[in-house]
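Chemist: Structure for the following, please:
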Amino acid sequence: MKVNEIVKELRALSDEELVAKIKESKKELFDLRLKQSTGSLEQPSKIRELRKNVARMKTILAERENGGEK
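Modeler: Sure thing, here's the model as predicted:
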């Protein structure tokens with residue numbers, strides 16, 4: 001998926017759904033880091049992708065909180 005498509009999907013979610021998705025992603029990130037430390041992680045790039053998606057979701061929440069101002 002392209003970044004623009006991901007952002008569009010995230011913007012379509014409500015605040016509650018975004019918070020739930022952030023929690024879910026952070027749990028998945030923890031699990032991936034655990035796998036990485038044991039040496040059983042097959043896709044190391046997945047960690048970076050998840051970190052960026054969490055940052056995107058937090059940015060969208062902050063924009064909504066600030067009224068979309070830059």
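Chemist: Mean pLDDT per helix and strand in the chain: which one sits at the bottom?
Modeler: Within the chain, no helix or strand scores below helix 3-11, which has a mean of 92 by mean pLDDT, DSSP states H and E.
Chemist: buried set for it?
Modeler: By neighbour count on 16 or more other Cβ atoms under 10 Å, the buried set for helix 3-11 is residue 10. For the C-beta atoms, the positions are set from N, CA and C on the backbone; glycine is no exception.
Chemist: Quick check: next helix or strand after it?
Modeler: Going down the chain from helix 3-11, the next helix or strand is helix 15-38, by DSSP states H and E.
Chemist: Kindly spell out which helices and strands sit in contact with that following helix.
Modeler: In terms of contacts (3 or more Cβ pairs under 8 Å, 6 or more residues apart in numbering; DSSP states H and E), helix 15-38 is packed against helix 45-65.
Chemist: helices or strands next to the least confident helix or strand of the chain in the packing?
Modeler: helix 45-65.
Chemist: Let me know the average pLDDT across the helix it packs on.
Modeler: Per-residue pLDDT values across helix 45-65 average out to 95.
Chemist: before we move on, back to that, need the residues that contact the least confident helix or strand of the chain.
Modeler: Under the criterion Cβ atoms under 8 Å, 6 or more residues apart in numbering, residues 18, 21, 53, 56-57, 60 lie in contact with helix 3-11.
Chemist: 7 Å instead?
Modeler: Helix 3-11 has contacts (Cβ atoms under 7 Å, 6 or more residues apart in numbering) with 18, 53, 56-57, 60.
Chemist: got TSV for those residues, with distance to residue 3 too?
Modeler: Output for the contacts of helix 3-11, formatted as TSV (distance: Cβ to Cβ, whole Å):
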residue	distance to residue 3
18	17
53	10
56	8
57	13
60	13
